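1. Generate a structure from the sequence data that follows.
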Amino acid sequence: MNPLKKFTCLALLLSANAFAAVGDVGVYISPVRTFSTASYWIEGEEKLVMIDAQFLPKEAVAAVDLAERSTGKKVSTMIVLHPNPDKFNGTAELQRRGIRVVTSSQVAALIPAVHDIRWDWFGAEYAPDYPRVAARPDGSFEQTQSVVVDGVPLTLHVLGRGASGAHVVVQYRNAVFVGDLVNPQNHAWLELGLIGEWLARLDEIRAMKPSAVYPGRGAHGGVELIDRQASYLTRVRDIVRDSMSAGELGAFTKLRLQWKIESEFPALGYPIFMRDGLSAIWKTEQASLASTRK
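-> I've put the predicted structure just below:
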């Protein structure tokens, strides 16, 4: 069963909106029903580069239309940051419009398996809009590289596991586009339970020395967003470790952990993102502690 169904059934369908973020960067934000997901555009001299292809194809089209209408320029390229459906589901529709959709080979390789899982969660709930066939972006690079895309200078950082099984972080001058690795206004998507690896990814982003951080959802900001995310993840891990015992995470303990985390972070939205990752964190931290004792 889709663990987010209770949330999405209660969510309000709000109008998408956009705002000018910094200079030549703009953003489309999807309705709450599709998780307030951001698709950014970067304005080159003649064309636009966009980041993340939305949860539903129609919203990917709306993002492109807004970017093109706002700037008077056409989108040439869309970059997928990691293998979550709110990053890749619009791929095929954009490809039909002649837009090149690219990602790392590591992200592209994970998309089919993630799509199969998410189809079971979301296919019926979002019918007929949810794509039945897995996205196939061009996984054309496997190592970090600096490129110029239609006059827009970018560094495509290929990173390992964190919020997802693989990540791309796009650096544009002093700005980084990080997807769900930074989630300033919401609980973290902890499905994989890889807090240690996620913290390592944040260290790698911090080493890029950005002055502007653009998250997958929520308001952009400075390096303080990275520090805030690291503090949140560390605290969640500490709370889980303080309750650690042998065996699987029991229902009562899970409820107590949820209450503790939500009480300490009352302003954060989407608590379901955290709740459904607690069992994975429990297993990961059990294994980590067992390894330390050897």
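2. which residue is nearest the centroid of the protein?
-> Closest to where the C-alpha atoms of the chain average out (Cα atoms, centre = their mean) is D180, at 2.9 Å.
3. May I have the residues that are in contact with that one?
-> H82, N84, A163, S164, A188, W189, P215, G216, R217 (Cβ atoms under 8 Å, 6 or more residues apart in numbering). The C-beta positions use only the backbone N, C-alpha and C, and glycine is treated the same way.
4. Which of these ranks first by neighbour count?
-> H82 (31 neighbours; other Cβ atoms under 10 Å).
5. where does that one land in three-state SS?
-> On the three-state scheme (DSSP: H, G, I helix; E, B strand; the rest coil), H82 is labelled coil.
6. V102 now?
-> Assignment for V102 (three-state DSSP): strand.
7. What's the local residue count around the nearest residue to it once chain neighbours are set aside?
-> Excluding the flanking residues, the one nearest V102 by Cβ to Cβ, 6 or more residues apart in numbering is D138, at 4.7 Å. The tally of other residues near D138 (other Cβ under 10 Å) stands at 15.
8. which ones are touching D138?
-> Counted by Cβ under 8 Å, 6+ apart, D138 has contacts R100, V101, V102, T103, A108.
9. what about it, distance to S291?
-> Remark: distance between D138 and S291 (Cβ to Cβ, to the nearest Å) = 38 Å.
10. on that earlier part again, give me phi/psi at the residue nearest to V102?
-> phi -80, psi 110 (degrees, to the nearest 10).
11. how close does it get to V107?
-> Counting by Cβ to Cβ, the gap from D138 to V107 is 11 Å.
12. One more: I99?
-> 17 Å.
13. do the same with V27
-> 21 Å.
14. Pick out whichever of those two has more residues nearby.
-> V107 (28 against 21).
15. Tell me, how many residues neighbour the residue lying closest to that one once chain neighbours are set aside?
-> Of all residues not flanking V107 in the chain, A166 sits nearest, at 4.8 Å (Cβ to Cβ, 6+ apart). A166: 21 surrounding residues under other Cβ under 10 Å.
16. From what I see, A166 and L110 are in contact.
-> Yes - the criterion here is Cβ atoms under 8 Å, and A166 meets it with L110 at 5.8 Å.
17. Which neighbours do the two have in common?
-> With Cβ under 8 Å, 6+ apart, A166 and L110 have common neighbours P83.
18. R241: what secondary structure?
-> Criterion first, three-state DSSP; result for R241: helix.
19. which residues of the stretch 101-250 of the chain fall in helices?
-> Assigned by DSSP state H, counting those that start in this stretch, the stretch 101-250 of the chain shows helices spanning 105-122, 195-206, 224-242.
20. how big is the angle separating the longest one from helix 195-206?
-> I take that to be helix 224-242. Relative orientation of helix 224-242 versus helix 195-206 (axes from the mean of the first three to the mean of the last three Cα atoms, to 10 degrees): 170 degrees.
21. I'd like to know which elements helix 224-242 is packed against.
-> In terms of contacts (3 or more Cβ pairs under 8 Å, 6 or more residues apart in numbering; DSSP states H and E), helix 224-242 is packed against helix 195-206, strand 212-215, helix 251-264, helix 278-293.
22. just the shortest one next, same as before
-> In this structure, helix 195-206 makes packing contacts with strand 152-159, strand 167-172, helix 224-242, helix 278-293, judged by 3+ Cβ pairs under 8 Å, 6+ apart.
23. between those, which gets the lowest average pLDDT?
-> With a mean of 86, helix 278-293 has the lowest mean pLDDT of those.
24. hey, C-alpha coordinates of that helix in PDB?
-> Provided in PDB are the C-alpha atoms of helix 278-293 (Å, rounded to 0.1, in the frame of the first residue of the first chain):
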ATOM      1  CA  LEU A 278      12.000   4.800  10.700                       C
ATOM      2  CA  SER A 279      12.200   1.100  10.200                       C
ATOM      3  CA  ALA A 280      14.900   1.400   7.600                       C
ATOM      4  CA  ILE A 281      16.900   3.700  10.000                       C
ATOM      5  CA  TRP A 282      16.400   1.200  12.800                       C
ATOM      6  CA  LYS A 283      17.900  -1.600  10.700                       C
ATOM      7  CA  THR A 284      20.800   0.600   9.400                       C
ATOM      8  CA  GLU A 285      21.800   1.800  12.800                       C
ATOM      9  CA  GLN A 286      21.500  -1.700  14.300                       C
ATOM     10  CA  ALA A 287      24.000  -2.900  11.700                       C
ATOM     11  CA  SER A 288      26.200   0.000  12.300                       C
ATOM     12  CA  LEU A 289      26.400  -0.400  16.000                       C
ATOM     13  CA  ALA A 290      26.900  -4.200  15.600                       C
ATOM     14  CA  SER A 291      29.800  -3.500  13.300                       C
ATOM     15  CA  THR A 292      31.300  -1.000  15.800                       C
ATOM     16  CA  ARG A 293      31.300  -3.600  18.600                       C
END
